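Chemist: The following comprises the amino acid sequence and a computationally predicted model.
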Amino acid sequence: MINSYASSDDVAVAIAGAQAGADVVRNMYGQRLNRIDKGAGDFATAADVEAEKRILGVIRAARPDDAVLGEEGGQQGAVDAVRQWLVDPLCGTLNYAVGNMLVAVNVALRDGAAAVADPFSGEVFFTDGESAWVRHDGADDALLTPSPATRLVDVNLDPPFPSAPRFRAVDLLAHPEFVERFRPRVVSTTLALAWVAAGKRAAYVTDGGDLSRSVHFAAGIALCRAAGCVVTGIDGAPIGEAGRGLVVAADDETHRLLMSMTRPRSTRRAHTEAVPAQRLSGPQVMK
């Protein structure tokens, strides 16, 4: 059956891979799974490992010459390969291990197609790098439309905190303007990025380094860019090698407000008077 993907385009491969991983995650849910220690409080489970194997099986059958960087298996193929797939087979392992269904399966071709699957809702969010859609249990694909209407902002509070004390997500949650304008939701899976692209969340905020080529974030970033979200680092700069963390907002106004809350007080006035950040859409996927 995997061989049928050999003639598929990259979007179909990304979707098939994400769905294959999601099937494993869903089928193994609730089982007693041993934890594979990764150090620093991080771990994987047998579901992470098996889901990645299934995803790699899809990619190898369809694109045998492509390189892959997997969360569990590491680099396979040349690091500087022109075509490299970034795979996170179970984003939200901490949630999954305690019976929480807020998890995602991420598959992204660097600078190309990407898919994020929710194993429990049946939704698959995907992009060809120009537009972004959602597919649900065989229903017609629907175009993703970001919207700030919910006023819900997902904030990642997981360590490390490389930008502290200049930026701390917990301080953002206590900011008077944040309390007045938004309502926080705290997650630890990049499913939240797909929700921003789909209009289920107004924004997503996380600290960190360069996340543009991370197996955890690449697929979600691709979706949000293709859907027309505003995508920057926590300092408002474009994400990339010198980037710091990630702020994804449904529109310019939401992004501007969040930027004004995360900058030091001395720079907030100047920032709020600046030109709003540009929307990043179309073929600018993971530049």
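Modeler: Cool, got the structure. Numbering: from 1, shown residues only.
Chemist: Just the helices from this structure, written as ranges.
Modeler: Assigned by DSSP state H, the chain shows helices spanning 10-27, 46-62, 93-97, 169-174, 176-181, 191-197, 218-227, 252-262, 265-272.
Chemist: In JSON lines, list these along with mean pLDDT and mean neighbour count.
Modeler: Backbone N, C-alpha and C define where each C-beta goes, glycine included. Output for the helices of the chain, formatted as JSON lines (pLDDT from 0 to 100; neighbours: other Cβ atoms under 10 Å):
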{"stretch": "helix 10-27", "mean pLDDT": "97", "mean neighbour count": "23"}
{"stretch": "helix 46-62", "mean pLDDT": "97", "mean neighbour count": "21"}
{"stretch": "helix 93-97", "mean pLDDT": "93", "mean neighbour count": "20"}
{"stretch": "helix 169-174", "mean pLDDT": "92", "mean neighbour count": "15"}
{"stretch": "helix 176-181", "mean pLDDT": "94", "mean neighbour count": "12"}
{"stretch": "helix 191-197", "mean pLDDT": "97", "mean neighbour count": "30"}
{"stretch": "helix 218-227", "mean pLDDT": "97", "mean neighbour count": "30"}
{"stretch": "helix 252-262", "mean pLDDT": "95", "mean neighbour count": "21"}
{"stretch": "helix 265-272", "mean pLDDT": "45", "mean neighbour count": "11"}
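Chemist: what's the neighbour count on L246?
Modeler: By other Cβ atoms under 10 Å, 26 other residues sit near L246.
Chemist: show me the contacts for it.
Modeler: Neighbouring residues of L246 by Cβ atoms under 8 Å, 6 or more residues apart in numbering: 204-206, 208, 211, 217, 221, 231-234, 239.
Chemist: Between those residues, which sits nearest R135?
Modeler: Within the contacts of L246, the smallest distance to R135 is 19.5 Å, found for I221 (Cβ to Cβ).
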